[in-house]
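Q: need coordinates for the below:
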Amino acid sequence: QVQLQESGPGLVSSSQTLSLTCTVSGGFITANGCGWNWIRQPPGKGLEWIGSIHYSGTARYSPTLKSRTQISSDTSKNQFTLQLRSVTPEDTGVYFCVRDRDWAYDVWGQGTQVTVSS
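A: So this is what the prediction gives:
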């Protein structure tokens, strides 16, 4: 059974870079057909897709966040990471790492709260 676990700092200062890591267990990040996503939920708002990295290593980003975002993977550690640059308090929220397969988000991490201080 595949499980995902987010890790990273819960508090980041404005203008700094937010870095989060998702550790995948029970399966391989290179598994055929899988995509590995970052999704966030600001307080009182809906889910927002940030971007993803394909099992082949190709990354895609939300157009609204693309200029500040980088997603990469480390197959030796079975992890993928999110870097979000120049954060502001509007980047505060719960960040989830999520697997997609067969056009569905089928495995979610528990989420990690990130607060950006002004």
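Q: who does the residue most central in space within the chain form a beta bridge with?
A: With the centre of the chain defined as its mean C-alpha position, the nearest residue by Cα atoms, centre = their mean is Trp38, 2.7 Å away. When bridges are called by DSSP bridges, Trp38 pairs up with Gly51, Cys97.
Q: mind listing what it touches?
A: 20, 22, 49-52, 71, 82, 95-98 (Cβ atoms under 8 Å, 6 or more residues apart in numbering). (Each C-beta comes from the backbone N, C-alpha and C, glycine too.)
Q: could you dump those into TSV with pLDDT added?
A: Compiled in TSV, the contacts of Trp38 are given as follows (pLDDT from 0 to 100):
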residue	pLDDT
Leu20	98
Cys22	98
Trp49	98
Ile50	98
Gly51	98
Ser52	97
Ile71	98
Leu82	98
Tyr95	98
Phe96	98
Cys97	98
Val98	98
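Q: how about those in a markdown table, adding neighbour count and distance to Trp108?
A: Formatted as a markdown table, these follow (neighbours: other Cβ atoms under 10 Å; distance: Cβ to Cβ, whole Å):
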| residue | neighbour count | distance to Trp108 |
| --- | --- | --- |
| Leu20 | 23 | 14 |
| Cys22 | 27 | 11 |
| Trp49 | 16 | 13 |
| Ile50 | 23 | 14 |
| Gly51 | 19 | 16 |
| Ser52 | 22 | 14 |
| Ile71 | 21 | 17 |
| Leu82 | 23 | 15 |
| Tyr95 | 23 | 11 |
| Phe96 | 22 | 6 |
| Cys97 | 29 | 8 |
| Val98 | 20 | 5 |
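Q: quick one, what contacts Thr92?
A: Counting by Cβ under 8 Å, 6+ apart, Thr92 makes contact with 42-43, 114-116.
Q: pick the one among those residues closest to Gln16.
A: Of all those, the one sitting nearest Gln16 is Val116; the distance, using Cβ to Cβ, is 8.3 Å.
Q: the closest one reaches Val12, doesn't it?
A: Yes - the criterion here is Cβ atoms under 8 Å, and Val116 meets it with Val12 at 5.2 Å.
Q: shared neighbours of these two, anything?
A: Taking Cβ under 8 Å, 6+ apart as the criterion, Val116 and Val12 both touch 18, 87, 91.
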